[in-house]
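A.B. asks: Task: produce atomic coordinates for the following.
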Amino acid sequence: MAVTAFPDEWLAQSLEGLITPELLQELRGKSDAGRTLWEALVAEKIATDAEIIDKLSHRFRLKIADVSKIDLAIREGVPEQLARRYRVLPLRLTDSFLELGTANPFDLDAEKALAFATAREIRLFLLAPSKISEKLDEMYKPEKAIDKLLEGMGDEEVLTTLRDTAAPEELNVSEADASQKPVVRLVDMIISEGILSRASDIHVEPEEGGVAVRYRIDGVLRQVMKIPRQAGLPLISRIKIMSSLDIADRLRPQDGRARVAVNGQPIDLRVSTLPAQLGEKVVIRILDSRATVKSLESLGLNPGEADAIKRLLENHEGILLVTGPTGSGKTTTLYSAINQIKSEGVNIVTVEDPVEYRMQGIVQVQVQEKAGLTFAAALRSILRQDPNVVLVGEIRDKETAQIAVQASLTGHLVLSTLHTNDAANAVTRLVDIGVEPYKIAASLRGVVAQRLMRKLCPTCKEVWMEAPPERLRRWIPAGTPLYRAAGCPDCAMTGYRGRFSILEILTMNPELERRIAAGEAADRVADAAKRGGMKSLWDSGLAHVTRGESTIEELTRVVDIPSDESGPYEEAPAPKRGSGSARVSGGAAALQSTPAPEAAPVSTHFDLLEETAAPVRRSGAHGEPASKVLLVDDEDSLRKVMRDLLERDGYAVTEARDGVQALDQVDRVGPDIIVLDLNLPGLDGYGVLSHLRSRPATANIPVIVLTAKGDEDNEVRVFELGADDFLTKPFRARALSARLEAVLGRRR
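C.D. replies: All right, here's what the predicted structure looks like:
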């Protein structure tokens, strides 16, 4: 495919009779960089400007520019840099439109950029390139140095030079420009709003016609504003001044730091610049060094995951690695682990870049590579300080890895991070760095692979009425209530607020040690780990989805769908009524036998655990009618599962899906006991409970309240309103049956 030599080769087809394919090929061979076909035709005296304009105006019905009526005041509205960059001549500027003379009326980039910069409609008129250059010089009066530079050059040389110098002129923002009060206020506003919006990063990116500002909130980038280029470039220079970077050096990447305070709270900023085609891109990483270090329980882990990490932390020597991509919460998990084992009798030292959290009772070392204090050098010195536990921010090179392994083999517990996709590949990564497999097998105690998933906004989450995609159905138990992100002002219309961790925890065992020492591949190591009880990232995230904490879309955004041909629910045997090995998952009637060690039990609303005998039927003696239960819950699938379980236990069950229907059913049925969800559409559970207790006919009906809010205030409130018992979701099926029997027994 021939390379287009001219930026305006559309002229070749528009000037029929003047240009032949052979002539065009010849002109390509003679063309210089940046020269247009229009200029080449005029220079070779193949056509004149007037002839070209005449043909174009008739063919495309374009008007011809009248340069005798140029308003010089237009210089204030159209910057010289833009006019020269896009090779257009400003003719007239009004409140609603801008008239431009151009030799390329089909340059959409120029039209969009000028429309954005001037906030006006663009109207284009035909004008020869030579006339544009001449009038631009007259209008903007370039400095004498440029005049001398252009003396003796041809028109094409003139245009090339001006186009090449346009970008540096535009980017030449002085320190005084960047220190103007409006620019300072804009930068302060962008950073403070980002911090208050819970952003982890702020991206400032030059684009065509402006500078975009985006916040990364809960792991996803969101554009919050687009600033005109004239204001955006001083903004970038202001950020570089704040972080002690060289604003004159725009051709090399730079890294800097800054420290600010928002509402009296000190915040550390890491600033990184990257030269790009349209200017420097800046990324600001927000580090709240005084943020509260979380406990393992507060990371939103599945049942059993926090216990597995605690068991790994019981080791007094060895290496514990946390792996995952940048921004996956590795440092937060490590600090939570440190917080778990911190005590007066344990000497803990960390070496980090940067120190993201500040903790009392431990020694924290900041890497200073310019001063020679690298991870390896700091770690070597730390080992002479008699530490019990060493936290290395990241293992980046062979020297650091070897010192960490050596420390773990000589009686120290070493915690660190690696950048790998899963737990098993941490071994491969260490081998690639240069650590011998037998040393890894001897020193490694466990690997935690981690991702962060967004949590559904509790204010606006909605039940997802559609069936999951076909490729996902085998992973979702039939009837499991799934949710979708709706969006409300509380979550900035995203449907999500906050994040939680999903984990893959590899714990060493003799089989794993043998495989690693033998240098086996990562997939063989992963298979052995799964036989030892390791659950995948997909299993961990799926458990959160089936509990209604996040969505299928979020899970597939964070983790790849497993390539296994069968999901965990495809071959589940049909349960036997009253069987002691049945399990109900996700509030659905999907029951399966006790899983093998490698199967991941998915627990959502409640589980039916092992029973040693068939359940006792709750029907009355001597043929008396069974106790009547009214189930009030707006989740159809969950209500159906509870009904099946209670009817199996001998109860007569009636259902209601909202508060008004519940009160109607109370009058119709006269239930012996009510199981009442608090979160109901229209009249909520609090209102239903108040109505029941205020009417003499229903004041004595026992009520068991179901709620997802397990806090003390909520519990106290429902008992003050007259509830007989309180059960927090998720709950176990046998617990519900036991509560019903106990409450009815007390009432009898």
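A.B. asks: Might you list the low-confidence residue ranges for the stretch 51-200 of the chain?
C.D. replies: Scanning the stretch 51-200 of the chain with the threshold set as pLDDT under 70 gives 141-180.
A.B. asks: hey, where'd the helices end up in it?
C.D. replies: Remark: helices assigned in the stretch 51-200 of the chain by DSSP state H, counting those that start in this stretch are 80-86, 108-118, 129-140, 144-150, 155-171, 175-178, 181-196.
A.B. asks: Only the buried residues of the second one, if you could.
C.D. replies: I take that to be helix 108-118. For helix 108-118, burial by neighbour count (16 or more other CB atoms under 10 Å) applies to 110, 111, 113, 114, 116, 117, 118. Using the backbone N, CA and C atoms, a C-beta is placed for each residue, glycine as well.
A.B. asks: Make TSV out of the residues you listed and add distance to residue 248.
C.D. replies: Compiled in TSV, the buried residues of helix 108-118 are given as follows (distance: CB to CB, whole Å):
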residue	distance to residue 248
110	29
111	33
113	26
114	29
116	28
117	25
118	29
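A.B. asks: Next up, phi/psi of residue 418, please.
C.D. replies: Here is the backbone geometry of residue 418 (degrees, to the nearest 10): phi -140, psi 160.
A.B. asks: On the pLDDT front, check the residue nearest to the spatial centre of the chain for me.
C.D. replies: Geometric centre of the chain, nearest residue: residue 219, 2.0 Å, by CA atoms, centre = their mean. With respect to pLDDT, residue 219 scores 82.
A.B. asks: Might you report the residue contacts of it?
C.D. replies: Residue 219 makes contacts with 200, 327, 452, 454, 499, as judged by CB atoms under 8 Å, 6 or more residues apart in numbering.
A.B. asks: Buried among these? Need that as a selection in PyMOL.
C.D. replies: Here is the PyMOL command that selects the buried residues among the contacts of residue 219 (16+ other CB under 10 Å):
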select buried, resi 200+452+454+499
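A.B. asks: which one of the contacts of residue 219 is nearest residue 24?
C.D. replies: Distance to residue 24, by CB to CB, is smallest for residue 327 among the contacts of residue 219, at 51.6 Å.
A.B. asks: Now do that closest one against residue 647, distance only.
C.D. replies: In this view, residue 327 and residue 647 are 49 Å apart by CB to CB, to the nearest Å.
A.B. asks: show me the contacts for residue 44.
C.D. replies: By CB under 8 Å, 6+ apart, the neighbours of residue 44 are 27, 30.
A.B. asks: If you count contacts, what does whatever helix or strand residue 442 lives in end up packed against?
C.D. replies: Residue 442 belongs to helix 437-443 when assigned by DSSP states H and E. Using 3 or more CB pairs under 8 Å, 6 or more residues apart in numbering; DSSP states H and E as the contact criterion, the elements in contact with helix 437-443 are helix 398-409, helix 425-433, helix 510-517.
A.B. asks: so the residue lying closest to residue 199 once chain neighbours are set aside bridges to which residues?
C.D. replies: Excluding the flanking residues, the one nearest residue 199 by CB to CB, 6 or more residues apart in numbering is residue 215, at 3.9 Å. Beta-bridge partners recorded for residue 215 (DSSP bridges): residue 202, residue 222.
A.B. asks: Flag the shaky bits of this structure, pLDDT-wise.
C.D. replies: Within the chain, the segments meeting pLDDT under 70 span 1-5, 31-34, 141-180, 288-293, 564-625, 709-711, 731, 733, 747-748.
A.B. asks: How about the contacts made by residue 111?
C.D. replies: When contacts are counted by CB under 8 Å, 6+ apart, residue 111 touches 122, 124.
A.B. asks: Check residue 681 too.
C.D. replies: For residue 681, counting by CB under 8 Å, 6+ apart, the contacting residues are 634, 658, 659.
A.B. asks: neighbours around the residue nearest to residue 199, how many?
C.D. replies: Residues lying near residue 215 (other CB atoms under 10 Å) number 24.
A.B. asks: With residue 185 instead?
C.D. replies: With other CB under 10 Å as criterion, residue 185 counts 10.
A.B. asks: what do you get for residue 224?
C.D. replies: 17.
A.B. asks: I'd like to know how far it sits from residue 398.
C.D. replies: 42 Å.
A.B. asks: again, but for residue 722
C.D. replies: 68 Å.
A.B. asks: Looking at these two, which is more packed in?
C.D. replies: residue 722 (17 against 14).
A.B. asks: The more buried one against residue 686, yeah?
C.D. replies: No: Residue 722 is beyond contact range of residue 686, at 10.8 Å (criterion: CB atoms under 8 Å).
A.B. asks: Next up, the contacts around residue 120.
C.D. replies: So residue 120 contacts 93, 94, 95, 96, 97, 98 (CB under 8 Å, 6+ apart).
A.B. asks: CSV for those, including neighbour count and distance to residue 464?
C.D. replies: Below are the contacts of residue 120 laid out as CSV (neighbours: other CB atoms under 10 Å; distance: CB to CB, whole Å):
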residue, neighbour count, distance to residue 464
93, 19, 53
94, 12, 52
95, 6, 49
96, 8, 47
97, 14, 48
98, 23, 49
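A.B. asks: The closest residue to residue 443 other than its chain neighbours: how many residues sit nearby?
C.D. replies: Leaving out its chain neighbours, the residue that sits closest to residue 443 by CB to CB, 6+ apart is residue 408, at 4.2 Å. Residues near residue 408, counting by other CB under 10 Å, number 23.
A.B. asks: hang on, the earlier thing: in helices, which of the contacts of residue 681 appear?
C.D. replies: Among the contacts of residue 681, the members falling in helices (DSSP state H) are residue 659.
A.B. asks: Output the helix holding residue 442 as PDB, nothing but the C-alphas.
C.D. replies: Presented in PDB, the C-alpha positions along helix 437-443 are these (Å, rounded to 0.1, in the frame of the first residue of the first chain):
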ATOM      1  CA  PRO A 437      13.400 -23.400  43.300                       C
ATOM      2  CA  TYR A 438      14.600 -25.400  46.200                       C
ATOM      3  CA  LYS A 439      15.100 -22.200  48.300                       C
ATOM      4  CA  ILE A 440      11.600 -21.000  47.400                       C
ATOM      5  CA  ALA A 441      10.200 -24.400  48.500                       C
ATOM      6  CA  ALA A 442      12.000 -24.200  51.800                       C
ATOM      7  CA  SER A 443      11.200 -20.500  52.600                       C
END
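A.B. asks: Thank you, goodbye.
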